[in-house]
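> Dropping the sequence and predicted coords here.
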Amino acid sequence: MKLAASVFAAVVVLASSLVFADTYAVDPVHSFAMFRIRHMNTSCVYGRINGPEGTISYDAAAPEKSSFEITLKAENIDTAVAARDNHLKSPTFFNAKEYPTLTFKSTSVKKADDTHLDVTGDLTIHGVTKSVTISLEVAGTGKDMKGKPIIGFESTFTIKRSDFGMKEFAGVVGDEVRITVAMEADQK
């Protein structure tokens with residue numbers, strides 16, 4: 001009987017010392033992906049891709065156990081100019097019919113400091129996948145209106161559109177695209 005009690009106590013202590021990541025669903029209403037690209041080397045065009053989706057598994061005690069999977073729909077591109085949006089969705093740029101989604105799937109997460117993570121992952125745009133590393137800020141944690149845990153993350157990083165096979169209009173449209181992603185996610 002003492003042996004069984006000892007084994008049970010050891011299992012309880014071990015189980016309580018394990019830290020598991022919390023899983024969150026990206027809230028498309030309170031999240032966004034914004035981009036900026038140079039036009040004619042004189043000004044910038046800004047746009048966003050509405051309705052981000054995804055799953056975040058976050059472990060504050062062991063960030064290396066965390067993971068991020070984010071999906072954007074090319075059809076949701078919005079620059080506030082319908083003709084430009086349609087051109088961006090066309091085969092000349094994103095080719096939304098052939099490549100309907102842009103995705104990011106983390107492959108490693110490292111703690112950079114108390115509020116930042118270095119997240120490496122596979123970014124797929126226009127059917128091309130490249131490994132990128134971004135600095136991701138843990139923007140905050142809290143509770144929603146119903147008391148459910150929520151968490152926020154934000155990052156700004158730059159990619160080259162030519163790396164993803166979008167080379168048309170070189171010189172007219174810049175190659176570097178600055179992307180800002182801000183995600184609020186609800187615990188599942």
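Received, thanks.
> what does whatever helix or strand residue 120 lives in contact?
Counting by DSSP states H and E, the element that carries residue 120 is strand 116-125. The contact list for strand 116-125 (C-beta atoms under 8 Å, 6 or more residues apart in numbering) reads 63, 66, 68, 94, 99, 101-112, 129-138, 155, 159, 164, 166. Where C-beta positions appear, they are placed from N, C-alpha and C, glycine not excepted.
> which of those residues count as buried?
63, 66, 68, 94, 99, 102-104, 106, 109, 132, 134, 136-138, 155, 159, 164, 166 (16 or more other C-beta atoms under 10 Å).
> Next one: residue 170, what pLDDT does it get?
Residue 170 carries a pLDDT value of 88.
> Repeat that for residue 6.
48.
> circling back: following the strand holding residue 120, which helix or strand shows up next?
Assigned by DSSP H and E, the successor of strand 116-125 is strand 128-143.
> Test my guess that residue 173 contacts residue 37.
Yes. The criterion here is C-beta atoms under 8 Å, and residue 173 meets it with residue 37 at 6.1 Å.
> what do those two both touch?
residue 161.
> Tell me the first helix or strand C-terminal of the helix or strand bottoming out on mean pLDDT in the chain.
When each helix and strand of the chain is scored by mean pLDDT, DSSP states H and E, helix 2-17 comes last, with a mean of 45. Per DSSP H and E, helix 2-17 leads on to strand 22-26 as the next helix or strand towards the C-terminus.
> What strands flank that following strand, and is each parallel or antiparallel?
Paired strands of strand 22-26, with direction, are strand 53-58 (antiparallel), strand 173-187 (antiparallel) (DSSP bridges).
> what's the distance between it and the middle of its chain?
12 Å (C-alpha atoms, centre = their mean, to the nearest Å).
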